[in-house]
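Q: Got a predicted structure plus its sequence, pasted below:
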Amino acid sequence: MTKIGLFFGSFNPIHIGHLILAQTALNLTDLDKVWFVVSPQNPFKEKKNLLPEYDRMRMADLVLDGNHDILPSNVEFSLPKPSYTIDTLTHLSERYKSYEFSLIMGEDNLQHFHKWKNHEAILKYYRIFVYPRVDCEPSELANHPNVHKFEAPLLNISATYIRETVKSGGSVRYMVPEEAYAYIEQNALFR
């Protein structure tokens, strides 16, 4: 059975921190592949700061082109919005019977996991691989049998910081992969 780690996010924009985390998860867990699930609308985030989903997906496609272990996914584009993780997991599990899906998330998300739709079902039926975050207290769920922590570099880089840097006229070269940087520049995004 192929083991897929689902890394959900707005990827607004995709940046080197995302890529480092995905590669580290592949290196340190039994996952065979990581899918970057580009979420059109996260129920916990405001939509006003989001680029259109097409632009975010296009950057993920450009950055991950040719990588056979880390792949972009637009599965949530055809599902009801806002996107709920349990609905996406159910959809994928029914569609890909020979795949075993797990989640990859930061420790900060685990702290608020009890607010997620049907979080008990996610914990029961899916493994969750958790990476550390700066200044984040361990969650009560850290000792759950389906929660597995893996060590990853602590990079304090965020899509918010990248957007603000672009908006203020600064360069984000080296914070985002070259393909995403070129796309942001060519399309005057975040200005």
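A: Nice, thanks for sending it over.

Q: For the rest of this, base every contact and every neighbour count on C-alpha atoms.
A: Will do.

Q: Would you map the helices across this structure?
A: 16-28, 53-64, 85-95, 107-111, 119-125, 159-167, 178-186 (DSSP state H).

Q: which helices and strands does the third one pack with?
A: Same thing as helix 85-95. strand 99-106, helix 119-125 (3 or more CA pairs under 8 Å, 6 or more residues apart in numbering; DSSP states H and E).

Q: Just the residues contacting it, thanks.
A: Val75, Glu76, Leu79, Tyr99, Glu100, Phe101, Trp116, Lys117, Asn118, His119, Ala121, Ile122 (CA atoms under 8 Å, 6 or more residues apart in numbering).

Q: surely the first one meets Trp35?
A: No: distance between Val75 and Trp35: 10.2 Å, which falls outside the contact criterion (CA atoms under 8 Å).

Q: More neighbours: these two, which one.
A: Using other CA atoms under 10 Å as the criterion, Val75 and Trp35 rank with Trp35 on top: 20 against 14.

Q: Let me know the closest of the contacts of helix 85-95 to Gln41.
A: Closest approach to Gln41 among these (CA to CA): Glu76, at 8.9 Å.

Q: ok, Phe77 touching Val37?
A: No: if you go by CA under 8 Å, Phe77 and Val37 don't touch, sitting 9.7 Å apart.

Q: how far does the lowest-mean-pLDDT helix or strand in the chain sit from the chain's center?
A: Least confident element among the helices and strands of the chain, by mean pLDDT, DSSP states H and E: helix 107-111 (a mean of 92). Distance, stretch centre to chain centre, for helix 107-111: 13 Å (CA atoms, centre = their mean, to the nearest Å).

Q: Also stretch 12-21?
A: Here stretch 12-21 is found 8 Å from its chain centre; the criterion is CA atoms, centre = their mean.

Q: And for stretch 10-20?
A: Distance, centroid of stretch 10-20 to centroid of chain: 8 Å (CA atoms, centre = their mean).

Q: Where does the prediction get shaky in this protein?
A: 44-46 (pLDDT under 70).

Q: in it, what residue sits furthest out from the centroid?
A: Distance from the C-alpha centroid of the chain peaks at Gly169, with 26.5 Å (CA atoms, centre = their mean).

Q: gap between it and Ile14?
A: Using CA to CA, to the nearest Å, we find Gly169 at a distance of 19 Å from Ile14.

Q: Could you do Gln111 as well?
A: 23 Å.

Q: For Ile86, grab the count of nearby residues.
A: By other CA under 10 Å, neighbour count at Ile86 equals 17.

Q: And for Asp61?
A: Using other CA under 10 Å, Asp61 has 19 neighbouring residues.

Q: Just put the helices and strands packed on helix 85-95 in a markdown table and tack on distance to Asp69.
A: What follows is those, written out as a markdown table (distance: least, CA to CA, whole Å):
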| stretch | distance to Asp69 |
| --- | --- |
| strand 99-106 | 14 |
| helix 119-125 | 24 |
